[in-house]
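Student: Just to be clear, the model below is a prediction. Sequence and coordinates:
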Amino acid sequence: MLQNYYTLLKLKQELSHLIGTKVIQSFSQEKDTITFDFFDGNKETFLHFTIIPFSSALFIYDNMIRAKSNSVDLCKELLGDHLQDIRVVEKERIIELIFINHKIIYHIFGAGNANFFFCNKKNKILFALNNSQNVIGIDYKEIEKYTTTNKIDNNFTIIDYLTKSNFIFGKFYAMEFCYKNELVQNQDYNKFFNDLSQAEKDELHKKAQEFTEYLLEQNQFYILKNHNTKIFSLIPLANYEIVKTFDSISAAIKYQCVQNIIERRKSEIIKELLPKLKRDERKILKTIEICCNINESLERANKYKIFAELLLSQPNPKQKIPDQIELQNWNNEKTIIPLDGKFTLLDNADKYYKKSRKSIAEASYREKRLPLLKAKLEQIQNAIETINSTEYINELEKIKKEFIKKSIVIMQNEERPIATKFRTFELGDGYMLYVGKNSANNDELTMGFAKPNDVWLHAKGVGGSHCVVRGGPSDGKLPKLILTKAAEICAYYSGAKNSSYTPVTYTQKKYVSKPKGAKQGLVVLQKSTTIMVEPKIPEKLAE
């Protein structure tokens, strides 16, 4: 109830000590706010106006240090002018500060309609916090007047009458009036005002007048709470607990404004954080379910191994058979083995051995990953619980700092098997090619995994994967066949994939460096050599 009419009336009383003082500073340190420094010859008092949506308010700062940066001077014409009077427009949420040569008019309306006007003595608008470019230079009287009072019509209920008529209690004080006058239990406040007898209307009016006096005689001010909602009030309210009391209305308003800003910030953080954490929670739960099926990977590995052994046991393993072959397994059971008809039984067996090894690596990876996943899940669920229960913004900021700028790391990269980190290809004769999967993965491959004497490759002049060949002599000299295979695969995983021929640059890793602050995947070569190849993956080396 920062924008309530009766709040303004009480605030006017507290601000009256500023009358006779002069303005020595006028500035803004954030959007939708302006602060004036009043000086009485001994002491400075800062008066702060804000039109921030849902937190529009006017209050005093007794001690304020102006920021050295992000601060701008405003309303310079007011400097040296003396405050003569403070007025609240009758039955309007408008307060006026009258100076010798100027006037400040503050509309403290809700729903984003608040505004601050700075005028000269003739009511010409010199500055406004909201929509300034459209109102500067015009007479304030031309500003469309906002009216809080309403004519009583036949559709007004008692609660409408108390809220919107000349009493303009607002919904909170109107409901408190109903509680005090026993109009709530039977919902008498929903009776139509015009259905009351004249005597009932007179009695209601009399009690409303007494309630007005009750509001204005208060000298203690309250911050109240109902569930998770905190409000400022001139009086205690039914169904609200008292959180804090103040002897100064300005101090209470300032406290509530700060709380409103904090609550809005909390709401923004929760809106940003919670969906992402719940998404990550779902992902991890699903991944945990998959990782629990270790036996599935082991069974698949065993099946591929049996396929390979059966194919190698054939009398003519170099023959080519299209689609599939039916063989007897070691238990004399019929087993149908899918085949790639382009390759021999020996080549197909080699593929199945690779698949078997990969499945075993996958089972080991899942087993190692499971406790890490469970720990991460617990961390996320604890964060979600904290978000749903905390009242402290610093706890939310801490969670945001920890989670929001990164995706949930399911498992630390160094604990993942190489087979799942990078694309891998056996080039023959003990040489292994490792291929990056994306920019971040390229950095990890080149700057983390590769050793100084490994051979590093990249398609020239286009984006693509970093590639590293490991094996062979320390001088980095690869057999021509191995180098060609590696370069062909490197070109295949680049932007030149569909070219007939493309140049591929290669050098030893020790000649590759990454400039400080460079983008992911960007490196610099001290020296290199280029080879022309056709982008492709040799058939026998397909992943």
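Tutor: Great, that's in hand.
Student: who's sitting farthest from the centroid in the chain?
Tutor: For the chain, the residue at maximal distance from the C-alpha centroid (C-alpha atoms, centre = their mean) is residue 315, at 65.0 Å.
Student: backbone phi and psi for that one, please?
Tutor: Here is the backbone geometry of residue 315 (degrees, to the nearest 10): phi -60, psi -30.
Student: Contacts only, for it.
Tutor: Residues near residue 315 by C-beta atoms under 8 Å, 6 or more residues apart in numbering: none. (C-beta placed from N, C-alpha, C; glycine too.)
Student: just residue 94 next, same as before
Tutor: Residues near residue 94 by C-beta under 8 Å, 6+ apart: 88, 105-108, 146.
Student: These in strands, which ones?
Tutor: 88, 105-107 (DSSP state E).
Student: Tell me how far stretch 87-101 lies from the chain's centre.
Tutor: A distance of 41 Å separates the centroid of the chain from that of stretch 87-101, by C-alpha atoms, centre = their mean, to the nearest Å.
Student: Need the distance between the two termini of it.
Tutor: End-to-end distance for stretch 87-101, by C-alpha to C-alpha, to the nearest Å: 16 Å.
Student: Return the set of buried residues in it.
Tutor: Of the residues in stretch 87-101, 88, 92-97, 99 count as buried by neighbour count, 16 or more other C-beta atoms under 10 Å.
Student: Kindly report the same for stretch 440-450.
Tutor: So stretch 440-450, judged by 16+ other C-beta under 10 Å, has buried residues 441-446, 449-450.
Student: so which two of those are the farthest from each other?
Tutor: 441 and 450 (12.4 Å; C-beta to C-beta).
Student: returning to what we had before: which of the buried residues of stretch 87-101 fall in strands?
Tutor: Mapping these onto strands (DSSP E) picks out 88, 94-97, 99.
Student: if we can go back for a sec, buried among the contacts of residue 94? Make that a ChimeraX selection.
Tutor: Per 16+ other C-beta under 10 Å, the buried members of these correspond to this ChimeraX selection:
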select :88,105,106,107,108
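Student: between the contacts of residue 94, which is nearest residue 387?
Tutor: Of all the contacts of residue 94, residue 387 sits closest to residue 108, with 33.2 Å by C-beta to C-beta.
Student: that older thread, in TSV, list the buried residues of stretch 440-450 along with pLDDT and secondary structure.
Tutor: Below are these laid out as TSV (pLDDT from 0 to 100; DSSP: H, G, I helix; E, B strand; the rest coil):
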residue	pLDDT	secondary structure
441	91	helix
442	94	helix
443	92	helix
444	91	helix
445	93	helix
446	94	helix
449	90	helix
450	92	coil
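Student: would you turn these into CSV with distance to residue 37?
Tutor: Output for these, formatted as CSV (distance: C-beta to C-beta, whole Å):
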residue, distance to residue 37
441, 57
442, 57
443, 53
444, 56
445, 61
446, 59
449, 62
450, 63
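Student: Can you tell me how far the most centrally placed residue in the chain is from residue 262?
Tutor: Ranked by distance to the mean C-alpha position of the chain (C-alpha atoms, centre = their mean), the top residue is residue 272 at 3.5 Å. Counting by C-beta to C-beta, to the nearest Å, the gap from residue 272 to residue 262 is 16 Å.
Student: for residue 118, same thing?
Tutor: 29 Å.
Student: of those two, who's got more company?
Tutor: residue 118 (25 against 15; other C-beta atoms under 10 Å).
Student: Identify the bridge partners of the more buried one.
Tutor: Note on residue 118: beta-bridge partners by DSSP bridges are residue 104, residue 127.
Student: Return the residues in contact with it.
Tutor: 74-75, 77-78, 102-104, 125-128.
Student: Let me know the closest of these to residue 44.
Tutor: Ranked by distance to residue 44 (C-beta to C-beta), these are led by residue 78 at 15.2 Å.
Student: Number of residues surrounding the spatially closest residue to residue 255 that is not a sequence neighbour?
Tutor: With sequence-adjacent residues excluded and distances taken as C-beta to C-beta, 6 or more residues apart in numbering, residue 255 is closest to residue 223, at 6.3 Å. Counted with other C-beta under 10 Å, the neighbours of residue 223 add up to 19.
Student: Could you export the helix or strand hosting residue 223 as PDB, CA atoms only?
Tutor: Per DSSP states H and E: residue 223 is located in strand 221-226. What follows is strand 221-226, C-alpha atoms only, in PDB (Å, rounded to 0.1, in the frame of the first residue of the first chain):
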ATOM      1  CA  PHE A 221       4.000   1.800  10.800                       C
ATOM      2  CA  TYR A 222       4.000  -1.800   9.900                       C
ATOM      3  CA  ILE A 223       5.400  -4.300   7.500                       C
ATOM      4  CA  LEU A 224       2.900  -7.200   7.400                       C
ATOM      5  CA  LYS A 225       3.100 -10.700   5.900                       C
ATOM      6  CA  ASN A 226       0.500 -13.100   4.600                       C
END
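Student: Paired strands for it, with orientation please.
Tutor: According to DSSP bridges, strand 221-226 forms sheet pairs with strand 229-233 (antiparallel), strand 241-246 (antiparallel).
Student: Put the alpha carbons of the first one into CSV.
Tutor: When you say that, I think you mean strand 229-233. Written as CSV, here are the backbone C-alpha positions of strand 229-233 (Å, rounded to 0.1, in the frame of the first residue of the first chain):
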residue,chain,number,x,y,z
THR,A,229,3.5,-11.6,0.5
LYS,A,230,4.8,-8.6,2.4
ILE,A,231,3.0,-5.3,2.4
PHE,A,232,3.4,-1.9,4.1
SER,A,233,0.5,-0.7,6.2
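Student: What are the buried residues along it?
Tutor: Across strand 229-233, burial judged by 16+ other C-beta under 10 Å covers 230-233.
Student: can you redo the ones in strands among the contacts of residue 94 as TSV with distance to residue 424 and pLDDT?
Tutor: Shown next, in TSV, are the ones in strands among the contacts of residue 94 (distance: C-beta to C-beta, whole Å; pLDDT from 0 to 100):
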residue	distance to residue 424	pLDDT
88	78	93
105	74	94
106	70	93
107	70	91
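Student: wait, which of these is closest to residue 42?
Tutor: Taking C-beta to C-beta as the measure, residue 42 lies nearest residue 106 of the ones in strands among the contacts of residue 94, at 26.5 Å.
Student: Apart from its neighbours in sequence, what residue is nearest that closest one?
Tutor: Counting by C-beta to C-beta, 6+ apart, the residue nearest residue 106 is residue 95, at 5.0 Å.
Student: wait, doesn't that neighbour sit right on residue 86?
Tutor: Yes. At 6.9 Å, residue 95 counts as touching residue 86 under the criterion of C-beta atoms under 8 Å.
Student: Find the residues that touch each one of those two.
Tutor: Residues touching both residue 95 and residue 86 by C-beta under 8 Å, 6+ apart: residue 12.
Student: rewinding a little: closest to residue 331 among the buried residues of stretch 87-101?
Tutor: Taking C-beta to C-beta as the measure, residue 331 lies nearest residue 93 of those, at 89.4 Å.
Student: so what's the closest one closest to, chain neighbours aside?
Tutor: That would be residue 108: by C-beta to C-beta, 6+ apart, it lies 4.9 Å from residue 93.
Student: Spit out the contact partners of the one you found.
Tutor: Taking C-beta under 8 Å, 6+ apart, we find residue 108 in contact with 2-3, 8, 56-58, 93-95, 114.
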